[in-house]
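Engineer: with the sequence up front, the predicted model follows.
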Amino acid sequence: MTVPKILSSEDFLLFQEYLETETGLFFDEDRDQNLRRALWDRVQKRGYSSYDEYYHYLKYHIEGRFELRELLTLITTGETYFFRNIAQFDVLMRDVLPEIIKRKSKTPNRSIRIWSAGSSKGDEGHSIAIALMQVLPDYQNWNISILGTDINRDVLKEAREAIYVRKDLGELSPDLVERYFVKRGSNYVLSSEVKKLVRFEYHNLAKDPFTLDPMLNLDVIFCRNVTIYFNLDTTRKLVGKFYDCLTPGGYLFLGHAETLWQISTKFQTIEYPSTFIYRKPETESAQPFVAFPDPESLRAAKTSAQAPKAVAAAPLALAKMGTGDPVLDKAEAFYQAKQLDEALALLNTMPGSGKVGMLKARILTDQEKNEEAMELLTAIIRTDDLNPDPVFLL
């Protein structure tokens, strides 16, 4: 019997619920063809005559956990390369690492602890190691801990081997490539000097405890382009755990399309011209702050180039307005999945409010419609402080 490629809604729901329970990963039936292709591939290779048979093997058979690994290999391999989102690595090298080094060099605790959560083939963890080596020439005299974790065991094996192809090198400058890699045929082999700084381990962010020593008292956590696959509740729990793992004053880096809007108000937002990051307050009594432009600054803006900066700073401030409603949450999910037209169409069905307008402004900025985004931001902000749910004119 040939298994049809078309997966019924009932079968999709079974796998959707199973994967969300086991891994935290959420797949939308309307848009996730990747999961459909992966399921069809595994059903064919296992020789099952229906998706239902494969589901019961996956969930109930004693070897189902091994089959889950194979399925995850197909659905969790994402795009990655060295120094991805170069703006964040600029911030890491220019501001974050020097601040940590300066603070800790004055104490007996000459240690730096970093976690790359969702590390894939190791590009991110190894990029962090290279950045640290560049900023801290005497790193050998420090206690350095860089942990990379992922739910995909195949990419963890690749990370430990650290053999890359040219496209994986991404934003690395030629001199860094020459310094830290050895070219063998068409491959680039990472130097042992970098490899020995990073430890790679399996970890399920949605289910496993955060108790490994390298996950505790962290100075920096990178978790980029991971939460876009989680639902809101799982993301909130994850960010809460990250907060607990960070040492006071520690930094959290998210992906360029991810924010803590509707997720957490515990972190401080630190804004830079081309990106923004989050920081755990140094004392529990410290109030989280947001680098958010005041209304007069918005009204006085002379160029639309200021729109990305304003939009980048705003999401955490808007978290104080509440969690929104299901329609807004779905629009946010579309936005996180980079389905901008779908998100905008959904927002256009909703009454005008600060939350709706802020998400519209983010979408317009991503579409490089900065002038429209700036006009929308100016309309949202009426006073120096945000009302619980400010209403504005579209």
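Structural biologist: Done, it's in. Residues are numbered from 1 along each chain as shown.
Engineer: in this protein, where is pLDDT below threshold?
Structural biologist: Applying pLDDT under 70 to the chain flags residues 1-5, 29-31, 77-78, 284-325, 352-354, 377-394.
Engineer: apply 50 and report the result again.
Structural biologist: Across the chain, the ranges flagged by pLDDT under 50 are 1, 289-304, 309-324, 382-394.
Engineer: what about the helices in the stretch 251-394 of the chain?
Structural biologist: Ranges of helices in the stretch 251-394 of the chain, per DSSP state H, counting those that start in this stretch, are 295-299, 307-313, 315-318, 326-336, 340-347, 354-366, 370-380.
Engineer: touching, residue 373 and residue 357? I think so.
Structural biologist: No - counting by C-beta atoms under 8 Å, residue 373 stays clear of residue 357, with 10.0 Å between them. Heads up, the C-betas are built off the backbone N, CA and C, glycines and all.
Engineer: got the phi/psi numbers for the most centrally placed residue in the chain?
Structural biologist: The chain has residue 224 as the residue nearest its centroid, 2.4 Å off, counting by C-alpha atoms, centre = their mean. Phi and psi for residue 224, reported as degrees, to the nearest 10, are phi -110, psi 130.
Engineer: from residue 74, how far off is it?
Structural biologist: In this view, residue 224 and residue 74 are 21 Å apart by C-beta to C-beta, to the nearest Å.
Engineer: now swap in residue 276 and tell me
Structural biologist: Counting by C-beta to C-beta, the gap from residue 276 to residue 74 is 33 Å.
Engineer: more neighbours, those two?
Structural biologist: More crowded of residue 276 and residue 74, by other C-beta atoms under 10 Å: residue 276, with 25 against 16.
Engineer: against residue 97, how distant is the residue nearest to residue 96 when sequence neighbours are not counted?
Structural biologist: Once flanking residues are discounted, residue 96 sits nearest to residue 251: 5.4 Å by C-beta to C-beta, 6 or more residues apart in numbering. Here residue 251 is placed at a distance of 10 Å from residue 97 (C-beta to C-beta).
Engineer: and if you look at residue 184?
Structural biologist: Counting by C-beta to C-beta, the gap from residue 184 to residue 97 is 31 Å.
Engineer: between the two, point out the one with more neighbours.
Structural biologist: With neighbours defined as other C-beta under 10 Å, residue 184 and residue 97 compare such that residue 97 has more, 22 against 9.
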